[in-house]
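Q: test case, fold it:
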Amino acid sequence: MTDTFVLRQRPPLRALLVSSVVAVLAAVLIVMQLVTGWTALLVPVGIGLLVLSVGWAALALYSTRRLRYRVELDADGYRISSPGHQSAAQWKDIAEVTAQSTRVTLVHRLPHVSGDSIVCLAGMRDPDFLAIIRAVQRRLDESRGYHPGG
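A: Numbering: from 1, shown residues only. Have a look, this model is predicted:
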């Protein structure tokens, strides 16, 4: 039986909020210059802030799309797919699993083979990320002959 997980990053609301506030500030600066005739410097500053806010929002949304994973676990090993990257290994080739707040890395036994990582920006607060961690732990334990309660 194969365990399949699809991990999607949640939209970065804080980054989008900051981007929106900067865009509104940019619009206010541009309108203030046009209405009041204040220094002409406000228009280029406003346009610069507007470009910055659009870039910030685009980068935030791009990272959300880029950090999408499909994880398949079975008795023999795993397969991890994300945009532009695919990897697979057997459980017998995994030396250890390390977990940090937003990343789980499956470390290979061979030193010249880099580990495979799953990144979740929400970290341990994401129930799908926690489910993947538990399933990896269970599959790795089973491959080593460990059984719950035994």
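
Q: show the pLDDT at residue 149.
A: With respect to pLDDT, residue 149 scores 65.

Q: going forward can the numbers begin at 463, since that is how I track them
A: Got it, the first residue is 463 from now on, which makes the last one we talked about residue 611.

Q: tell me the phi and psi of the residue located most distally from the centre of the chain?
A: For the chain, the largest distance from the centre (C-alpha atoms, centre = their mean) belongs to residue 499, which lies 45.1 Å off. In terms of degrees, to the nearest 10, the main-chain angles of residue 499 are phi 80, psi 20.

Q: can you tell me how far it is from residue 493?
A: Counting by C-beta to C-beta, to the nearest Å, the gap from residue 499 to residue 493 is 12 Å. Backbone N, C-alpha and C define where each C-beta goes, glycine included.

Q: do residue 573 as well
A: 60 Å.

Q: ok, those two, which is more surrounded?
A: Taking other C-beta atoms under 10 Å, residue 573 and residue 493 do not tie; residue 493 has more neighbours (13 against 8).

Q: which element, helix or strand, includes that one?
A: For residue 493, the host element (DSSP states H and E) is helix 475-498.

Q: check which helices and strands that helix sits against.
A: Secondary-structure packing of helix 475-498 (3 or more C-beta pairs under 8 Å, 6 or more residues apart in numbering; DSSP states H and E): helix 504-528.

Q: in the helix it packs on, what's buried?
A: Under the neighbour-count criterion of 16 or more other C-beta atoms under 10 Å, helix 504-528 has 504, 505, 508, 511, 512, 515, 518, 519, 522, 526 buried.
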